Structure formats: C-alpha cells, structure tokens
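> the sequence and its predicted three-dimensional model are supplied below.
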Amino acid sequence: TQLLEQSPQFLSIQEGENLTVYCNSSSVFSSLQWYRQEPGEGPVLLVTVVTGGEVKKLKRLTFQFGDARKDSSLHITAAQPGDTGLYLCAGGAGGTSYGKLTFGQGTILTVHP
Amino acid sequence: GAVVSQHPSWVICKSGTSVKIECRSLDFQATTMFWYRQFPKQSLMLMATSNEGSKATYEQGVEKDKFLINHASLTLSTLTVTSAHPEDSSFYICSARPYFVGGTEAFFGQGTRLTVV
C-alpha cells in the first residue's frame, strides 16, 4: 500500500509570511499532484509534476518533485488571506491505473490579515 | 473542457433508506471513474474504481454490498449508499479519467454532501 505523509496538518500564519508544505512517501509515484479544496467543493488541481527534480511555479506558489519521485513540496511566498484553504498532495499511479490517486492527509492553511 | 458533474450536491436522508449519487463526465468519455469519501477536515480516501461495463474494484475495508457502484455508460457512474446510517454521513467525491492513452489526470466533480438522520 502506497502512503503519502503530508506535513504540517495545520498551519496558521500572518499575511506576508512564507510557508512550505511537505509530502513524503517511501514509494515512487508516476506523478505528484497538488490540489486546493474549499469547504463543500471538490478539489481543484494546482499542478502536476512528473519528472524527478522538476520545479514548477504558479505565481507565488513553487512546487518541487524530488529526484527519486518520492517526495514533493509546495512553497508559498508572501501568503495572502485568499490562500486560506485545504491543500492536498496526491500521488498518481501510472500506466493503465492513471488517475487513481493516493492522497496525503492534507494541510489546513489559515492566513490571517 | 473536462467537466465532471455530480448530482445531487447535497442530500439528507433517513436512516435505513438508500441514496444514489450520480457522477457524469459532461464533455469527455470516461471508461474509469473513481469514488472518494471525505470526512470533515480530513483528506480524501479512495473507496473504489468504477469501470465501464464491468464490476467495480473496491479498496480494502470498503463494503461492496453497502456501496453499490454502477458504470453503465462512458459518461455516467452511480454510487448507491444502501441502508444508510448516520456513520455514512460524509462528503462523497468522484473523479473521471478521460479515455485516451498517455493521460495523467482525472477530473473531479464538485462533491455530494450526504447527511443521514
């Protein structure tokens, strides 16, 4: 069974601070995806990383995929109250099982104005 | 493109009744859909993989007779919670995988909030 350990589970910071969320596994994933979810809604895909060592940027968000494709991080620069939400990492299976995701525990981020 | 719609968005039912949740891919065909369950402030847990025209594959610990899955067409999968009890109250989310080779992504519906009273 593939497991993803996501940390921290809760993060409460002030507007303007930086933060990093980590996602670690002992298993190799074909892809690693990061989602953001608002209460009562489905998760919204932020990014997919597939290549070991890959770095992707989305405005103030920077995503890294570890060289061995077992871990990933999400870094937010100068957090804003609008960044508040549940952030989820998910490891994707490959081949004929693509789309099947193993989710980390999630990080509830609260950014205070 | 790649829109997945769930219906209903929320439902309240009495204990002992059955509830059906639909997951539709609106603008693509999906031979495979996935059903997840999410408790408040927790992550998504995969319940089962729904395959068009064949039986669903359930994850360990998920009762197949409790959570009936039917994937009768390339755009529709249904999850029926049978004889629902309050502990079945949860947020149920589906995702659908487009039918093409080399894909990496499945697309999520907006979720269904089930409350059993």
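Sure, I can see it.
> ok, the most centrally placed residue in chain B to B:Phe67 distance?
In chain B, the residue lying closest to the centroid (C-alpha atoms, centre = their mean) is B:Trp35, at 3.6 Å. Using C-beta to C-beta, to the nearest Å, B:Trp35 is found at 8 Å from B:Phe67. The C-beta positions use only the backbone N, C-alpha and C, and glycine is treated the same way.
> what is in contact with the two at once?
Taking C-beta atoms under 8 Å, 6 or more residues apart in numbering or on different chains as the contact rule, B:Trp35 and B:Phe67 both touch B:Met47, B:Ala48, B:Leu79.
> coming back round to it: can you dump the C-alpha atoms of the one helix or strand the residue nearest to the centre of chain B maps to in PDB for me?
Here B:Trp35 sits within strand B:32-38, counting by DSSP states H and E. Taking Å, rounded to 0.1, in the frame of the first residue of the first chain, the C-alpha atoms of strand B:32-38 are listed here in PDB:
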ATOM      1  CA  THR B  32     -12.800   4.700 -15.500                       C
ATOM      2  CA  MET B  33     -14.200   6.800 -12.600                       C
ATOM      3  CA  PHE B  34     -13.100   6.900  -9.000                       C
ATOM      4  CA  TRP B  35     -15.100   7.400  -5.900                       C
ATOM      5  CA  TYR B  36     -13.700   9.000  -2.800                       C
ATOM      6  CA  ARG B  37     -15.000   9.700   0.700                       C
ATOM      7  CA  GLN B  38     -14.000  12.600   2.800                       C
END
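> helix, strand, or coil at the residue of chain A positioned farthest from its centre?
The centre of chain A is farthest from one residue, A:Thr96, which by C-alpha atoms, centre = their mean lies 23.5 Å away. What DSSP: H, G, I helix; E, B strand; the rest coil gives for A:Thr96 is helix.
> you'd agree A:Ala78 is in a helix?
No: applying three-state DSSP, one finds A:Ala78 to be coil, outside a helix.
> quick one, what contacts the residue in chain A positioned nearest to chain B?
In chain A, the residue that lies nearest chain B is A:Gly99 (3.3 Å; C-beta to the nearest C-beta). Going by C-beta under 8 Å, 6+ apart, A:Gly99 touches A:Gly92, A:Ala93, B:Thr32, B:Phe34, B:Ser95, B:Arg97, B:Gly103, B:Thr104, B:Glu105, B:Ala106.
> show me the contacts for the fifth one.
Read that as B:Ser95. Taking C-beta under 8 Å, 6+ apart, we find B:Ser95 in contact with A:Gly99, A:Leu101, B:Val4, B:Met33, B:Phe34, B:Tyr36, B:Ala106, B:Phe107, B:Phe108, B:Gly109.
> what's the next secondary structure element after the one helix or strand it maps to?
Using DSSP H and E, B:Ser95 maps to strand B:90-97. Following strand B:90-97 in sequence order, the next helix or strand is strand B:107-108 (DSSP H and E).
> which strands or helices does the helix or strand that comes right after that following strand pack on?
Using DSSP H and E, the helix or strand that follows strand B:107-108 towards the C-terminus is strand B:112-116. Helices and strands touching strand B:112-116, by 3 or more C-beta pairs under 8 Å, 6 or more residues apart in numbering or on different chains; DSSP states H and E, are strand B:10-13, strand B:19-25, strand B:90-97.
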